[in-house]
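**Q** Pasting the sequence and the predicted coordinates here, then a few questions.
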Amino acid sequence: MTNAPPSEGTAPRTGATRRRNNLIVLVVLLAGLVLGMTLVVFGGDGDDDATADGPVLGGTQPVDDDVTAPGIEGEDDPRGVLPLDDVEFTVAGIEEYTGIVVPDDAEGFLTGRLDNDRQLDVTFLFPAEDEAEFLEASQLPEPVEGQRVVLHGSALWDLNPPGGVEIRGATDTFDDVRRAFELVEETPGVLRARIVITSA
């Protein structure tokens, strides 16, 4: 009786083990891919506040609760919590709460809740020819050219528009909220309203 060399006797087992290990790695990778795709499509936390119920022109943008405007930190934060759980995140609901009257021709209406509901960002696009009507209907002051009143970037807009684009801004109060707004030319003849709502 002769014994086969060790390499010949173990070769089939090594090949089967390698195939089994490759299969396990493939299954783990596929499971990770499926999980990742599920989180991208359906969202990761199921927060009801992350989407609006029936906004006319857009939606509510989920924003990290830890985002804080520069110069406002922790317990020294002078801003109060906004009662956003009582606000309907539709155009009509935001208009009622903030006094901002969104022009009929507006597009791209979005809102974002920030900093544990101490701040609400609102943005939309509208024709430049509607500016005077928008300001009058919203009871907003005339924006001042070059006056920056929104001092932070947002999930809804970049802090600085492209070079050469002027920013006009102003602030006021409406009931219990402070309204800081800027108008920026998005494209020729189209303005972007950038509005930050905090407690008055």
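**A** Ah, there it is.

**Q** Quick check: the gap between the residue nearest to L159 when sequence neighbours are not counted and L23.
**A** Nearest residue to L159 in three dimensions, chain neighbours excluded: G153, at 3.9 Å (Cβ to Cβ, 6 or more residues apart in numbering). Heads up, the C-betas are built off the backbone N, CA and C, glycines and all. To L23, G153 is 47 Å away according to Cβ to Cβ, to the nearest Å.

**Q** neighbour-wise, which of the two wins?
**A** The residue with more neighbours, out of G153 and L23, is G153; 13 against 10, by other Cβ atoms under 10 Å.

**Q** May I ask you to confirm that the more buried one belongs to a helix?
**A** No. Assignment of G153 by DSSP: H, G, I helix; E, B strand; the rest coil gives coil, placing it outside any helix.

**Q** Backbone dihedrals for the residue nearest to L159, please?
**A** phi -70, psi 170 (degrees, to the nearest 10).

**Q** thought it was touching V196?
**A** No. With contact defined as Cβ atoms under 8 Å, G153 does not count as touching V196 (11.4 Å).

**Q** any chance you could read off phi and psi for V102?
**A** phi -70, psi 130.

**Q** For it, which non-adjacent residue is closest in space?
**A** Once flanking residues are discounted, V102 sits nearest to V91: 5.2 Å by Cβ to Cβ, 6+ apart.

**Q** For that neighbour, give its distance to E131.
**A** 18 Å.

**Q** can you check L110 too?
**A** Taking Cβ to Cβ, one finds L110 at 20 Å from E131.

**Q** which sections of the chain are below the confidence cut-off?
**A** Along the chain, the model assigns pLDDT under 70 to residues 1-16, 25-78.

**Q** In a helix, L135, correct?
**A** Yes. According to three-state DSSP, L135 belongs to a helix.

**Q** show me what contacts it?
**A** By Cβ atoms under 8 Å, 6 or more residues apart in numbering, the contact set of L135 is 141-143.

**Q** check which helix or strand covers E95.
**A** helix 91-98 (DSSP states H and E).

**Q** how about the CA coordinates for that helix, as CSV?
**A** Output in CSV follows, covering the C-alpha atoms of helix 91-98 (Å, rounded to 0.1, in the frame of the first residue of the first chain):
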residue,chain,number,x,y,z
VAL,A,91,-46.4,76.6,1.2
ALA,A,92,-49.6,77.7,2.9
GLY,A,93,-48.4,76.5,6.3
ILE,A,94,-45.1,78.3,6.0
GLU,A,95,-46.8,81.5,4.8
GLU,A,96,-49.1,81.5,7.8
TYR,A,97,-46.3,80.9,10.3
THR,A,98,-43.7,83.3,8.8
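
**Q** now for it, which elements pack on it?
**A** strand 119-127, strand 177-187, strand 190-199 (3 or more Cβ pairs under 8 Å, 6 or more residues apart in numbering; DSSP states H and E).

**Q** Tell me the buried residues in that helix?
**A** Of the residues in helix 91-98, 91, 93-94, 97-98 count as buried by neighbour count, 16 or more other Cβ atoms under 10 Å.
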